[in-house]
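>>> turn this into a structure:
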Amino acid sequence: MNYTVMMPAAGSGQRMGAGYNKLFLKLDDKPILIHTLDVFEGDPACEGIILAVKSDEREYIQALLEEFAIRKVTALVDGGGERQDSVAACMKVYDKDGIVLVHDAARPFIRLSVIAELVKVANEHGAAIAGVRAKDTMKYAKDGVVEQTVDRGKLWVIQTPQAFRYALLKRSSEEAQAQGFLGTDESMLVERFGQPVHIVESTYDNVKMTTQEDLLFGEILLRRRQEDFNDSHRTRF
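Have a look, this model is predicted:
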């Protein structure tokens with residue numbers, strides 16, 4: 001089943017310490033943004049990508065899209081001050097009624113198999129989000145003092161993409177806006193709307209490139225994937 005991606009890309013990169021949009025930092029020979037777009041560019045089920053960007057970065061991003069032959073970006077819209085605002089801006093130019101995926105532009109290692117399962121589950125149930133099971137012991141603390149050890153067996157670390165039937169996401173977003181509610185992700189808006197949200201198990205390497213340590217990990221992942229690709233071709237030929 002086909003889908004459209006809505007991708008907030010108007011971040012500042014403060015935690016990365018780059019002094020500019022972290023999406024322009026390079027992994028290997030390409031900016032993080034392009035690595036992420038490449039995933040969807042290569043997926044036949046992806047009908048298009050709507051990018052929310054800073055107005056003063058629009059021209060540079062357009063040049064990157066041309067340089068790296070990214071053809072599936074159908075619109076560049078002005079992003080807002082918050083992620084929720086950027087996704088709302090993307091929705092304003094979406095003219096279909098299908099499955100939409102909201103994905104962090106700084107997550108270049110999402111796998112196509114996870115995307116396909118998210119689309120399938122969202123089509124069946126309305127909402128599906130990527131996540132991995134919590135591995136570490138989890139504590140609830142107040143003022144730096146532990147109050148409770150949380151059962152990690154019930155905890156998931158949530159990632160993106162998050163997939164929705166468009167009509168559901170639109171209604172949830174409009175209700176949140178009307179009530180002045182600001183969520184940390186789109187699934188929070190849908191949960192408030194009373195809609196069950198299903199979790200699709202993702203992979204631990206679907207890391208968001210947020211810190212310098214993440215960049216180092218990303219470089220290792222790229223090398224490993226290239227080695228796996230080379231090994232598969234040597235075996236085949």
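>>> surely Lys92 and Val77 touch.
Yes: between Lys92 and Val77 there is a contact under CB atoms under 8 Å: 7.1 Å. For the C-beta atoms, the positions are set from N, CA and C on the backbone; glycine is no exception.
>>> so for those two, which residue has more residues nearby?
More neighbours surround Val77 than the other of Lys92 and Val77, with 20 against 10 (other CB atoms under 10 Å).
>>> report whether that one is found in a helix, as I expect.
No: using DSSP: H, G, I helix; E, B strand; the rest coil, the secondary structure at Val77 is strand, not a helix.
>>> okay, and the beta partners of it?
Beta bridges link Val77 to Ala52, judged by DSSP bridges.
>>> ok, it - contacts?
Applying CB atoms under 8 Å, 6 or more residues apart in numbering, one finds that Val77 lies in contact with Ile50, Leu51, Ala52, Val53, Ser86, Ala89, Cys90, Lys92, Val93.
>>> mind checking which of these are buried?
The neighbour-count test (16 or more other CB atoms under 10 Å) marks Ile50, Leu51, Ala52, Val53, Ser86, Ala89, Cys90 as buried among the contacts of Val77.
>>> count the residues that sit near Ile61.
There are 22 residues near Ile61, going by other CB under 10 Å.
>>> got the buried residues for the top strand by length along the chain?
Secondary structure of the chain per DSSP state E: the longest strand is strand 156-165. Neighbour-count burial for strand 156-165 flags Ile158, Gln159, Thr160, Pro161, Gln162, Ala163, Phe164, Arg165 (criterion: 16+ other CB under 10 Å).
>>> what's the farthest-apart pair in the residues you listed?
Among the buried residues of strand 156-165, the pair separated by the greatest distance (CB to CB) is Gln159 and Arg165, at 19.9 Å.
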